[in-house]
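Asker: Provided below for reference: sequence and predicted model.
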Amino acid sequence: MERMPKERMKDNCTGMESKLADLLLDPDAAPAKVQAHVDHCGRCRGELAELRATMDLLDTWEDPEPSPYFLSRFDARMREERQAAPADWPASWIARLRARFTYGPAMHVRPLAAMALTVVLLLGGGTYLGITDWDQPAAPPGQATVVHDLQTLDNNAQLLDQLEAMSSSNENGD
């Protein structure tokens, strides 16, 4: 008899993680059913106690003060990196181009490059679809589908003979 309530309790524990967080943050807004479950379920009660301990520990934590010289040292380092020139001209040209894309104020180039890539992909896809449509035979102009089907049936005498044989056997069988 004692096992049945524990098994039911396990089934009721599914989805309790979010309800425990709600119970921890605003106990008055939590439903009475959740509170009753936590009172009877040792596992959920332990989980709630662990969440409370974590929140208490986070309340005692203080963020560290940033160094007052961090930004000035960072700016100086960035200036040094921009001004450092590689030895030969191709490497310096590539390095300047990379620095312009990475560090420079010309950040408007990235959206333009993304837009150009999108246009190229759309044009390429449209071209591919246009090329693949060439393989499809064009329908004869001015000919209705029903007329074409009737002409196909007239041309296939064997099929008509089989259909007549089937219809005559159905008439004899009924």
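Answerer: Arrived safely. Residues are numbered from 1 along each chain as shown.
Asker: okay, helices next: where are they in this structure?
Answerer: Using DSSP state H, the helices of the chain run over residues 3-12, 16-25, 32-40, 42-60, 70-83, 89-102, 109-132, 145-155, 157-173.
Asker: for the last one, packing partners?
Answerer: Looking back up the chat, that one is helix 157-173. Packing partners of helix 157-173 (3 or more Cβ pairs under 8 Å, 6 or more residues apart in numbering; DSSP states H and E): helix 145-155. C-betas here are computed from N, CA, C, even on glycine.
Asker: between its first and last residues, how far does stretch 18-36 reach?
Answerer: Using Cα to Cα, to the nearest Å, the end-to-end distance of stretch 18-36 comes to 16 Å.
Asker: for the protein, which spans come out with low pLDDT?
Answerer: The chain contains residues with pLDDT under 70 at 1-12, 85-87, 103-109, 131-144, 153, 157, 173-174.
Asker: hmm, try it at 80
Answerer: Along the chain, the model assigns pLDDT under 80 to residues 1-18, 27, 29, 66, 81-93, 95-97, 99-112, 126-160, 163, 170-174.
Asker: need the winner for burial among the helices of the chain.
Answerer: Ranked by average neighbour count under the criterion mean count of other Cβ atoms under 10 Å, the helices of the chain are headed by helix 16-25 at a mean of 15.
Asker: could you list every helix and strand in contact with that one?
Answerer: Packed against helix 16-25 by the contact rule (3+ Cβ pairs under 8 Å, 6+ apart) you find helix 32-40, helix 42-60.
Asker: who's in contact with the first one?
Answerer: Contacts with helix 32-40, where a contact means Cβ atoms under 8 Å, 6 or more residues apart in numbering, come from 9, 12, 13, 16, 19, 20, 22, 23, 27, 44, 45, 48.
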